[in-house]
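Asks: Kindly return the folded structure for what I paste below:
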Amino acid sequence: MSFSSPGFMFAFMPVFFACYFAVPLRLRNGLLMLASLLFYSIDGGVATWVLIASIVVNYIVGLAIELRSLQSLRSLVLLIGIVLNFIPLLYYKYWNFLVSTANDIRGLTAGGGTFSMADILLPAGISFFTFQGLSYIVDIYRRECCSARTIVDFGMYHTLFPQLVAGPIVRYREVEPTIVNRPVAMNDVEQGIFRFCIGLAKKIIIADNMGVVADSVFNLAAGQLTTAAAWVGALAYTLQIFFDFSGYSDMAIGLGRALGFRFPENFDQPYRSLSITEFWRRWHMTLSRWFRDYVYIPLGGNRRGHRRTYFNLLVVFVLCGLWHGAAYTFLLWGLYHGALLVAERAGGGFLLARLPPLLAWAVTLLLVIVGWVFFEPERSTTR
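Replies: Predicted coordinates:
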């Protein structure tokens, strides 16, 4: 169910908030978890069991990591938790892509026959709640937070409907103080609703209309697609994807604020960036920080020489591309941005810094727009 749908705005949201503020504080976590599961199940159907299984697995793994009797096995418990998180993600999101890739390789090598594709329904938001589950158990392992007091407390966090299917990626330690004690002031409700309305306007007024323009261009036959039309389509899609993603983030942050949470910001005017490095500090910031803290730094970051830094950047952005969707286009998009960041590290950033700011901005924006051309054909699969 989309936040911009009439069913959400005129049925689910008012009924939920009326119940939420009517029940005692001690019951709100349970109500919020049940409402979030209902929200998810409306479109997710039987796939809701994947989310429920993720709650149970990560809660148990978090407790096991902290058990004194298992301290000598903490690393093994964490490894088991990581594997259990990745199994459903790999199956539901990437299995058919792996089969398709194997078939393509067999075709190139003149191998006989093909592997059959499975009939798999992708659970909405599986990338988001998988990454949240992983950050939860890893942060407990690193002793950066404690496990949730009850499975209801953790389940409430893990299923929070405002950010469940479209982000931002909220780490447990970022909201840990408000898991149990979460008073809500009227100012929070007012500011939250205002932020929700801003995001809704971004989505339905700008993103949806830019999407119409982009679709009309990208659906043209090759013979009808002129250079001018291609640029109009690329620019329209550049606006669509920003106002769509940031609009959903604004709506999520606003809903969270009205519930007493302070979610991290996810976008910070990324199209004003003067380099690709700066762009990734401003675009989908919770995802960028997740990859930095749980992939880039553990791989060695920039501490092991230039070549290893370049390798680490490419690995991170290949994974970032595939995180958005299981398709070659996303892989190319990730490689493209990884290569641009490597080029900036290797000296391109110094050259950009010497350009007049307006020219550096134009070059950066042009590179971003070109990258969206890889991303666009598969955009419907990014959530």
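Asks: Quick check: which ranges of the stretch 101-250 of the chain have low pLDDT?
Replies: Scanning the stretch 101-250 of the chain for pLDDT under 70 picks out 110-113.
Asks: in which helix or strand would I find the closest residue to Phe375 other than its chain neighbours?
Replies: Nearest residue to Phe375, sequence neighbours excluded (Cβ to Cβ, 6 or more residues apart in numbering): Trp333, at 4.8 Å. Heads up, the C-betas are built off the backbone N, CA and C, glycines and all. Trp333 is part of helix 328-343 when elements are defined by DSSP states H and E.
Asks: Give me the residues contacting that helix.
Replies: Applying Cβ atoms under 8 Å, 6 or more residues apart in numbering, the contact partners of helix 328-343 are 276-277, 280, 310, 313-322, 324, 348, 367, 370-371, 374-375, 377-378.
Asks: Next step: those residues restricted to helices.
Replies: Among these, the members found in helices (DSSP state H) are 276-277, 280, 310, 313-322, 324, 367, 370-371, 374-375.
Asks: Quick check: can you list the domain ranges of the protein?
Replies: Annotated domains of the chain cover 6-182, 188-381 [automatic domain parsing].
Asks: For those, could you give me CSV that also reports mean neighbour count?
Replies: Putting the domains of the chain into CSV (neighbours: other Cβ atoms under 10 Å) gives the following:
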stretch, mean neighbour count
domain 6-182, 17
domain 188-381, 18
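Asks: Reduced to three states, what does the residue nearest to Tyr91 when sequence neighbours are not counted come out as?
Replies: Distances taken as Cβ to Cβ, 6+ apart place Ile120 nearest to Tyr91, at 7.2 Å, with adjacent residues excluded. State at Ile120, reduced to three classes by DSSP: H, G, I helix; E, B strand; the rest coil: coil.
Asks: Quick one: residues contacting Leu239.
Replies: By Cβ under 8 Å, 6+ apart, Leu239 lies in contact with Ile206, Ala207, Met210.
Asks: Closest one to Phe261 out of those residues, please.
Replies: Checking the contacts of Leu239 against Phe261 with Cβ to Cβ, the nearest one is Ala207 at 24.3 Å.
Asks: Quick check: phi and psi at that closest one.
Replies: phi -60, psi -50 (degrees, to the nearest 10).
Asks: so it makes contact with Thr238?
Replies: No - contact status for Ala207 versus Thr238: not in contact, 11.2 Å apart, counting by Cβ atoms under 8 Å.
Asks: Select the longest helix from the chain.
Replies: In the chain, with assignment by DSSP H, the single longest helix is helix 227-259.
Asks: helix, strand or coil for the closest residue to Gly247 other than its chain neighbours?
Replies: Spatially, and ignoring its direct neighbours in sequence, Gly247 is nearest to Lys202 (3.3 Å; Cβ to Cβ, 6+ apart). The three-state label given to Lys202 by three-state DSSP is helix.
Asks: Next one: Lys202 from Leu352, what distance?
Replies: Applying Cβ to Cβ, to the nearest Å, the value for Lys202 to Leu352 is 29 Å.
Asks: who touches the residue nearest to Gly247 in this structure?
Replies: Applying Cβ under 8 Å, 6+ apart, the residues contacting Lys202 are Phe243, Asp244, Ser246, Gly247, Asp250.
Asks: do that again at 7 Å, thanks
Replies: The contact partners of Lys202, by Cβ atoms under 7 Å, 6 or more residues apart in numbering, come to Phe243, Ser246, Gly247, Asp250.
Asks: quick one: which of those residues is nearest Ala185?
Replies: Asp250 (20.1 Å).
Asks: mind checking how far that closest one is from Asp208?
Replies: Relative to Asp208, and taking Cβ to Cβ, Asp250 is found at 15 Å.
Asks: Likewise for Pro264?
Replies: 26 Å.
Asks: now swap in Tyr336 and tell me
Replies: As judged by Cβ to Cβ, Tyr336 and Asp208 stand 27 Å apart.
Asks: try Thr159
Replies: Distance of Thr159 to Asp208, computed by Cβ to Cβ: 27 Å.
Asks: Let's see stretch 263-281 as CSV, backbone CA atoms only.
Replies: Taking C-alpha atoms only, stretch 263-281 is exported to CSV below (Å, rounded to 0.1, in the frame of the first residue of the first chain):
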residue,chain,number,x,y,z
PHE,A,263,14.5,9.0,11.8
PRO,A,264,17.8,10.0,10.1
GLU,A,265,17.7,12.2,7.0
ASN,A,266,18.1,10.4,3.7
PHE,A,267,18.6,13.2,1.1
ASP,A,268,20.4,16.5,1.4
GLN,A,269,20.0,18.4,-1.9
PRO,A,270,22.2,15.8,-3.9
TYR,A,271,21.8,17.6,-7.2
ARG,A,272,23.7,20.6,-5.9
SER,A,273,26.9,18.5,-5.5
LEU,A,274,30.2,19.6,-7.0
SER,A,275,31.6,16.0,-7.2
ILE,A,276,30.4,12.4,-7.3
THR,A,277,32.0,11.9,-3.9
GLU,A,278,29.8,14.8,-2.5
PHE,A,279,26.8,13.4,-4.4
TRP,A,280,27.1,10.1,-2.4
ARG,A,281,27.3,12.1,0.8
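Asks: what does it contact?
Replies: Residues from elsewhere that reach stretch 263-281, judged by Cβ under 7 Å, 6+ apart: 163, 167-168, 170, 174, 242, 246, 249, 252-253, 256, 282-286, 288, 337, 340-341, 344, 349, 352, 357, 360-361, 364-365, 367-368.
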